[in-house]
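A.B. asks: 3D, please:
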Amino acid sequence: MRKHVISSRLPLLLLLSCLVWLTACGQSSTSTGAASTPAPTVVPALDTYGTPIAFPKSAPQRIISLVPSTSEILGALDLASRVVAVDFYTTYPTNFTKLPRISNASGTFNTEQIVALKPDLILSDGGTTIKSDTQLKALGLNVVDLPDANFEQAIQQIAVVGRLTFTQDAATALTNQLQQEINQIKTTVAGTPTPKVLLEVDDSTAGKPYVFGGNSFGDQLLQDANAVNIFHANTSNGGYPQVTDEAVISANPSYIILTEDPLYGGQPATVYKRPNWGSIDAVKNKRVYHVNTNLMQHPSQRLVEGLRCVAQIVHPDKFPGALPTDCSTSV
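C.D. replies: Residues are numbered from 1 along each chain as shown. A predicted model of the protein is given here:
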């Protein structure tokens with residue numbers, strides 16, 4: 001199942017939820033952790049369980065991140081000095097890798113260790129840590145599990161984290177910058193042909209890969225890159241359906257982009273050896289690529305880097321030079 005694939009191996013994607021999102025994240029704010037109370041939102045932001053988020057009255061000083069995406073957002077908001085621990089899979093920003101780890105490779109969290117660190121804010125997203133969320137909340141800890149997000153909403157999450165941590169100014173500046181980058185990429189590829197693309201999540205089950213389907217942030221990312229997701233119409237499994245080899249072959253994508261860790265199928269060389277895939281245009285024309293998992297499966301600001309990589313892969317004539325190094329690295 002998708003939950004097993006993502007939470008046990010790549011705990012980076014999200015469970016389906018249909019939640020109302022924040023439309024205004026405070027009109028008066030500071031980015032230095034001042035003790036003033038954040039301005040109220042126009043519409044209460046909801047967590048992944050549909051519960052209104054209780055925004056603190058003072059800036060949290062001991063923050064724990066349970067998933068890589070929230071670690072990345074905290075790093076982007078220059079909050080390293082206030083983060084006391086992260087999950088096993090956090091690899092970015094690199095200075096966070098020196099922090100205590102409160103989970104292991106199987107996704108099991110050390111509740112006693114978390115409590116001992118005395119956090120005043122614990123962040124997660126998408127309900128992938130529901131068991132730990134429940135345990136930690138029962139112990140009286142402040143846990144905010146951000147809701148499932150498509151590409152646009154993943155950028156909006158930064159504003160919510162900004163309100164939670166009293167870094168609204170930094171969050172606003174970052175989201176504005178990211179939107180400018182997105183707009184520039186969309187302008188660059190506007191009017192180009194729209195190739196069919198398979199955007200793969202995981203191929204650890206031979207013959208039945210998990211893919212980005214409709215309503216996922218990967219699906220919207222492909223749209224912004226002016227490409228067609230061959231599984232756009234499949235919204236099952238929360239937008240991350242498990243499909244068959246036959247379905248991929250029938251759809252005949254012009255490009256195949258792997259986003260999973262190489263340990264779980266993310267190696268282009270193995271795609272060329274998959275049974276019966278030789279008739280697919282992407283395989284025949286040697287258009288199988290792997291893009292850094294951390295840019296493509298974490299709903300954080302780094303998705304914009306992933307968008308740049310995908311857009312250049314499918315529209316190479318619109319971008320000068322080679323693919324950016326980040327597209328193929330593992331951090």
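A.B. asks: For stretch 141-148, list the C-alpha coordinates in PDB.
C.D. replies: This file holds the C-alpha atoms of stretch 141-148, laid out as PDB (Å, rounded to 0.1, in the frame of the first residue of the first chain):
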ATOM      1  CA  LEU A 141       2.700  18.300  23.800                       C
ATOM      2  CA  ASN A 142       1.900  20.800  21.100                       C
ATOM      3  CA  VAL A 143       1.800  18.800  17.900                       C
ATOM      4  CA  VAL A 144       0.800  20.400  14.600                       C
ATOM      5  CA  ASP A 145       0.400  18.000  11.700                       C
ATOM      6  CA  LEU A 146       0.100  20.200   8.500                       C
ATOM      7  CA  PRO A 147      -2.600  19.000   6.000                       C
ATOM      8  CA  ASP A 148      -2.100  17.200   2.800                       C
END
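A.B. asks: by contact count, what packs against the longest strand along the chain?
C.D. replies: Longest strand in the chain, counting residues (DSSP state E): strand 196-202. When contacts are defined as 3 or more Cβ pairs under 8 Å, 6 or more residues apart in numbering; DSSP states H and E, strand 196-202 packs onto strand 210-211, helix 217-224, strand 228-229, helix 245-251, strand 255-258, helix 303-314. C-beta: built from backbone N, CA, C; applies to glycine.
A.B. asks: What mean pLDDT does the last one get?
C.D. replies: Read that as helix 303-314. Helix 303-314 comes out with an average pLDDT of 98.
A.B. asks: Of all the helices and strands packed on strand 196-202, which one comes closest to Ser279?
C.D. replies: Closest approach to Ser279 among the helices and strands packed on strand 196-202 (Cβ to Cβ): helix 245-251, 6.5 Å.
A.B. asks: what helices or strands is the closest one leaning on?
C.D. replies: Other helices and strands packing on helix 245-251, by 3+ Cβ pairs under 8 Å, 6+ apart, are strand 196-202.
A.B. asks: How are the helices of the stretch 51-200 of the chain distributed by residue range?
C.D. replies: Secondary structure of the stretch 51-200 of the chain by DSSP state H, counting those that start in this stretch: the helices cover 68-76, 111-116, 130-138, 151-165, 168-189.
A.B. asks: highest average neighbour count across these?
C.D. replies: Ranked by mean neighbour count, those are led by helix 68-76 with a mean of 26 (mean count of other Cβ atoms under 10 Å).
A.B. asks: Run through the residues that contact Val197.
C.D. replies: By Cβ atoms under 8 Å, 6 or more residues apart in numbering, Val197 lies in contact with 222, 227-230, 253-257, 310, 314.
A.B. asks: how does it look with 6 Å?
C.D. replies: Contact analysis of Val197 by Cβ atoms under 6 Å, 6 or more residues apart in numbering lists 222, 227, 253, 255.
A.B. asks: cool, Ala154 as well?
C.D. replies: 217, 299, 303.
A.B. asks: Excluding covalently adjacent residues, which one is nearest to it?
C.D. replies: Pro299 (3.8 Å; Cβ to Cβ, 6 or more residues apart in numbering).
A.B. asks: Pull the number of nearby residues for that neighbour.
C.D. replies: Pro299: 29 surrounding residues under other Cβ atoms under 10 Å.
A.B. asks: can you pull the contacts of it?
C.D. replies: 69, 149, 154, 217.
A.B. asks: what's the closest of those residues to Thr134?
C.D. replies: For the contacts of Pro299, the closest approach to Thr134 (Cβ to Cβ) belongs to Ser69, at 20.1 Å.
A.B. asks: does the closest one really touch Gln301, like I thought?
C.D. replies: No - Ser69 is not in contact with Gln301 according to Cβ atoms under 6 Å; the separation is 9.3 Å.
A.B. asks: what sits against Ala269?
C.D. replies: Applying Cβ under 6 Å, 6+ apart, no residues qualify as near Ala269.
A.B. asks: Let me know the average pLDDT across the helix or strand containing it.
C.D. replies: Under the criterion of DSSP states H and E, Ala269 resides in helix 268-271. Across helix 268-271, pLDDT averages out at 96.
A.B. asks: and Lys186, which of the helices and strands packed on strand 196-202 is closest to it?
C.D. replies: With Cβ to Cβ, the closest approach to Lys186 among the helices and strands packed on strand 196-202 belongs to helix 217-224: 5.5 Å.
A.B. asks: In the closest one, which of the residues would be classed as buried?
C.D. replies: Residues of helix 217-224 classed as buried: 217-222, 224 (neighbour count, 16 or more other Cβ atoms under 10 Å).
A.B. asks: Now do the longest strand of the chain: distance to the chain's middle.
C.D. replies: Between the centre of strand 196-202 and the centre of its chain there are 15 Å (Cα atoms, centre = their mean, to the nearest Å).
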